[in-house]
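J.: could you look at this predicted model? Sequence included:
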Amino acid sequence: MPFTIEDIANALGAQVLGDGSLSVTGLAEPAQAGAEHLALAMAPKYAEGLAQGAARAAIVWDGADWQAMGLEAAIIVPRPRYAMSGVTRLMDPGPEIAKGIHPTAIIDPSAEIGVEAAIGPFVVIGRGVKIGPGARIGPHTTIAAETRIGADALILEGTRIGARVTIGDRFICQPGAVIGADGFSFVTSEKSSAERARESLGAEGGQGDQSWTRIHSLGGVEIGDDVEIGANTTIDRGTIRATRIGRGTKLDNLVHLGHNVEVGEDSLLCGQVGIAGSARIGDRVVLGGQCGVSDNIFVGDDVVAGGATKIFSNVPAGRVILGSPAMKMEAQIEATKNLRRLPRLFRDVRALQKAVSKPETND
């Protein structure tokens, strides 16, 4: 459906200049925008793109000379990228999941489905499950026994939610996620080679035969309100206590949380992050893509870890870290610079060695 520029500005709480009655049907980058699009010209570097495209209206940065750029209307926002959250929400039609229960869904008679819920084709809901009002559950999703899901959940196709999982309100889950699988917990009758290597810092390795015995996972998973889980992310259930994710935390695609992991509130875990069992992550932590966290350690509140950082020990609150092993970002950057200087250093050392070792000559 079309939206007027004034409607969009009102939804964003933003200022509109020019002809607010102009209608647009979608968003586009400036150079690809047609007359029917609202161009996203978030910074001065996009001005040239506006000249290449045909947009009549755009979201622009504060102070932009929108008329000089040939626009008939502009929405002025102080933080354009933040405005994207509002305008994309306004224009997103969402997945097509018809209200009611699809005839192919299999729902245990003991399950409770909230009002206005939408249950898609081939969904399987187990014994004692409770689904909150307004939930939307996509095709081929399975929800095992005694799981609780709050109001207004959006669970997309192919999600697997295990038994005894508790999820808060406004949960969003992308396709293929697995929540509540067994933890990866195995033990040997004697100390394993991995235990000996860890205790001895590598002095001892594998010795003799060993076989692995499963430790069963009796705990669940507890997820707070307003949490989002990315596609093909996996969250293991706890061994005895629950694996926990705090309110407002967002997990990207292909993130893995091991058994007993605890993640605080409003944290952001980017793609391919892996957190080993019983690690604790504080509030407002940001872990860049491919970060790894060792088991049984603590990452404090407000820590920011750059991509591919490997965290092997506790990190105090507020630290910005990078590298493998993780260290303060400024130290890692300096260390990287020094690594690049090593070839020149070795050449200089060899030259000095030759000069020092040259035999003295008598005049």
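T.: Perfect, I can see it now. Numbering: from 1, shown residues only.

J.: please compute how far the helix ranked longest in the chain lies from its chain's middle.
T.: Ranked by residue count and defined by DSSP state H, the top helix of the chain is helix 329-357. Its chain's average C-alpha position is 39 Å from that of helix 329-357, according to C-alpha atoms, centre = their mean, to the nearest Å.

J.: quick check: buried residues in it?
T.: For helix 329-357, a neighbour-count test (16 or more other C-beta atoms under 10 Å) marks Met329, Gln332 as buried. In this view, the C-beta of every residue, glycine as well, is placed from N, C-alpha and C.

J.: same check, this time on stretch 304-312
T.: Quick answer for stretch 304-312 (16+ other C-beta under 10 Å): Val304, Ala305, Gly306, Thr309, Lys310, Ile311.

J.: and the nearest residue to the fifth one once chain neighbours are set aside, what does it touch?
T.: Read that as Lys310. The spatially closest residue to Lys310, leaving aside those adjacent along the chain, is Ser324, at 3.8 Å (C-beta to C-beta, 6 or more residues apart in numbering). Contacts for Ser324 (C-beta atoms under 8 Å, 6 or more residues apart in numbering) come out as Ala308, Thr309, Lys310.

J.: Ser324 in helix, strand or coil?
T.: coil (DSSP: H, G, I helix; E, B strand; the rest coil).

J.: any idea how far Thr309 is from it?
T.: 7 Å (C-beta to C-beta, to the nearest Å).

J.: low-confidence ranges in this structure?
T.: Counting by pLDDT under 70, the ranges of the chain that qualify are 206-208, 359-363.

J.: hey, where'd the helices end up in it?
T.: Under DSSP H, the chain gives helices at 5-12, 47-52, 80-91, 193-200, 329-357.

J.: dump those to JSON lines, plus distance to Asp169.
T.: What follows is the helices of the chain, written out as JSON lines (distance: least, C-beta to C-beta, whole Å):
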{"stretch": "helix 5-12", "distance to Asp169": "23"}
{"stretch": "helix 47-52", "distance to Asp169": "40"}
{"stretch": "helix 80-91", "distance to Asp169": "17"}
{"stretch": "helix 193-200", "distance to Asp169": "41"}
{"stretch": "helix 329-357", "distance to Asp169": "36"}
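
J.: looking at those helices, which is closest to Ile297?
T.: For these, proximity to Ile297 was assessed by C-beta to C-beta; helix 193-200 is nearest, at 13.2 Å.

J.: distance from the closest one to the middle of the chain?
T.: 33 Å.

J.: give me the helices and strands touching that helix, please.
T.: Using 3 or more C-beta pairs under 8 Å, 6 or more residues apart in numbering; DSSP states H and E, no helix or strand is in contact with helix 193-200.

J.: flag every buried residue along that helix.
T.: Going by neighbour count (16+ other C-beta under 10 Å), the buried part of helix 193-200 is Arg196.

J.: and that helix, C-alpha only, in CSV?
T.: Extracted C-alpha coordinates of helix 193-200, given in CSV (Å, rounded to 0.1, in the frame of the first residue of the first chain):
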residue,chain,number,x,y,z
SER,A,193,43.3,-36.5,27.7
ALA,A,194,41.6,-33.1,27.4
GLU,A,195,41.5,-32.7,31.2
ARG,A,196,45.2,-33.7,31.6
ALA,A,197,46.2,-31.3,28.8
ARG,A,198,44.4,-28.5,30.4
GLU,A,199,45.7,-29.0,33.9
SER,A,200,49.3,-29.4,32.6
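
J.: check contacts around Leu12.
T.: Ile75, Val77, Ala83, Gly86, Val87 are the contacts of Leu12 under C-beta under 8 Å, 6+ apart.

J.: wait, I meant Ser217
T.: Contacts for Ser217 were tallied using C-beta under 8 Å, 6+ apart; they are Asp182, Gly183, Ser185, Asp236, Arg237, Gly238, Thr239, His259.

J.: rerun at 10 Å
T.: Contact analysis of Ser217 by C-beta atoms under 10 Å, 6 or more residues apart in numbering lists 162, 180-185, 236-240, 243, 259-260.

J.: what of Met42?
T.: Met42 is in contact with 29-30, 58-61, 64, 77, 79-81, 83-84, counting by C-beta under 10 Å, 6+ apart.

J.: which among those gets closest to Ala98?
T.: Ala98 lies nearest to Met84 out of these, by C-beta to C-beta, at 29.2 Å.

J.: follow-up on the earlier one: nearest to Arg127 among the buried residues of stretch 304-312?
T.: Ile311 (39.7 Å).

J.: measure that closest one to Gly230 for me?
T.: 20 Å.

J.: and the helices of the chain: which comes nearest Gly100?
T.: Shortest distance between Gly100 and the helices of the chain, using C-beta to C-beta, is found for helix 80-91: 25.0 Å.

J.: buried residues, that closest one. List them.
T.: In terms of neighbour count (16+ other C-beta under 10 Å), helix 80-91 has its buried residues at Pro80, Ala83, Met84, Val87, Met91.

J.: quick one: which of those residues is nearest Ala355?
T.: Nearest member of those to Ala355, counting by C-beta to C-beta, is Pro80, at 59.9 Å.

J.: contacting residues for the closest one?
T.: 14, 40-43, 46, 58-62, 64, 87.

J.: just the buried ones among those, please.
T.: For the contacts of Pro80, buried by 16+ other C-beta under 10 Å: Ala14, Leu40, Ala41, Met42, Tyr46, Ala58, Ile59, Val60, Trp61, Ala64, Val87.

J.: from those, which single one is nearest Val293?
T.: Met42 (33.2 Å).

J.: which residues touch Gln52?
T.: Gln52 touches Pro30, Ala31, Gln32, Ala33, counting by C-beta under 10 Å, 6+ apart.
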